[in-house]
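Trainee: Build me a structure from this.
(2 chains)
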Amino acid sequence: MTRTEFLSKLADELRKNRIADADDILSEYEQHFAFKMADGFSEEEIAARLGDPAELALQFEITAQHKGSAGRKAAAITGLCFIDIFAGSFFVLLIAWEIVMAVFSLCNAVIAGCLFIGTSPWSLIPQIPYFPGAVFGVSFAALSILTATGCIYFAAFIRQLMRSYGRFHQNTIAAASGNAVLPSLAIYPRLPAKVNRRIRSAALISLVIFAACFVLGMIISMISSGALEFWHAWGWFGYNGIN
Amino acid sequence: MNIQYKKGVLELCVLSLLSKHDCYGYEISEYLSNHIDIADGTVYPILRKLKSEGLLTTYIQEESGGPPRKYYSITNLGREVYEKERKEYLDFARRIEILLEDDSNDKD
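Mentor: I've put the predicted structure just below:
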């Protein structure tokens, strides 16, 4: 087959299979001939190595098949709107939990601060001698750090979940309108290994300090009040246990 | 080997080449036929498919002493897809290799 024979056969086959931009495709093959001939190959050799024009034309058809319709796109968007209502309230819930955790962490920090200084604003902190109070203060500070690390990780998780959901959104519309679909995203955050390690060790250390100081504080309180139920001895709940 | 079977892998090879540098169609065709036994013409449908999926873009560049060449360049999306599929393919190939090698051991 000569160059012209090959190209006209290919043009025929492309037209027969109703493939768009046939001229563009043909110009690629024309260029191929030009380059290969410059390398010293004969037209017959090149045509033989290119393959059968009928088969090549069929391979183009496979690629030009998927075309979405406006109807499918509208249906996809309507469906997504319904899903969004549920997903949206789910995200609100997650963010609310994040706020609760952040406030909890902050409160613990404030309590720890008050115990260190030895003040009790508006008498909210029950009466406690300074030394056992300070030990509880360390425990509360550690709890604050523990929940703060939880907060940081959870915030990263929410962010990644939202991004992943956004990608799903984008892909559903793209698929319905016949466009390219992007790879889906993982729902778990991929923090850098260093950050991951730091968060993990901060959480572990603060957990240990929290537990140790809490138990220690209890023991010291029992000793300094001379009672197993020191909260009664110090009259925390409005009576002093003796009645 | 079956052409449909090869096609998915060829897409990966094209993306791999283009992730290194931009190429014109003929260059890609030569690169592939030097490494893999396929008809030279099969590359062009693959390029077109990848372009319609948004993994590649094209631009025309004037060449001194020749017709203008159509260059193919990988998009960010293309890179993302390439990295993902490359990993998947290598993992798959490794598993298949283990499986097939086990098979030949059984016959010995």
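
Trainee: Break chain A down into its domains, please.
Mentor: A:3-64, A:70-233 (automatic domain parsing).

Trainee: would a markdown table of these with mean neighbour count and mean pLDDT be doable?
Mentor: From N, CA and C alone the C-beta is placed, and that goes for glycine too. Putting those into a markdown table (neighbours: other C-beta atoms under 10 Å in any protein chain shown; pLDDT from 0 to 100) gives the following:
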| stretch | mean neighbour count | mean pLDDT |
| --- | --- | --- |
| domain A:3-64 | 17 | 84 |
| domain A:70-233 | 15 | 88 |
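
Trainee: Which of these sits closest to B:Pro67?
Mentor: Among these, the nearest to B:Pro67 by C-beta to C-beta is domain A:3-64 (6.9 Å).

Trainee: Tell me the residues of chain B that contact chain A?
Mentor: Within reach of chain A by C-beta under 8 Å from any C-beta of the partner chain, chain B has these residues: B:24-26, B:29, B:33, B:39-42, B:44-45, B:47-49, B:52-55, B:67, B:69-70, B:77, B:80-81, B:84.

Trainee: 7 Å - rerun?
Mentor: Residues of chain B lying near chain A by C-beta under 7 Å from any C-beta of the partner chain: B:25-26, B:29, B:39-42, B:44-45, B:48-49, B:52-54, B:67, B:77, B:80-81, B:84.

Trainee: buried subset of those residues?
Mentor: Neighbour counting with 16 or more other C-beta atoms under 10 Å in any protein chain shown marks B:25-26, B:29, B:39-42, B:44-45, B:48-49, B:52-54, B:77, B:81 as buried within those.

Trainee: Now do stretch A:235-243, average pLDDT.
Mentor: With pLDDT averaged residue by residue, stretch A:235-243 scores 62.

Trainee: What about A:Gln127? Give its phi and psi, please.
Mentor: The phi/psi pair for A:Gln127 (degrees, to the nearest 10) reads phi -60, psi 130.

Trainee: Please name the nearest non-neighbouring residue to it.
Mentor: A:Trp234 (5.4 Å; C-beta to C-beta, 6 or more residues apart in numbering or on different chains).

Trainee: Would you check how far apart that neighbour and A:Phe140 are?
Mentor: 18 Å (C-beta to C-beta, to the nearest Å).

Trainee: now swap in B:Ser64 and tell me
Mentor: 76 Å.

Trainee: what's the answer for A:Thr149, then?
Mentor: Distance of A:Thr149 to A:Phe140, computed by C-beta to C-beta: 15 Å.

Trainee: Next: A:Leu93.
Mentor: For A:Leu93 relative to A:Phe140 (C-beta to C-beta), the value is 27 Å.
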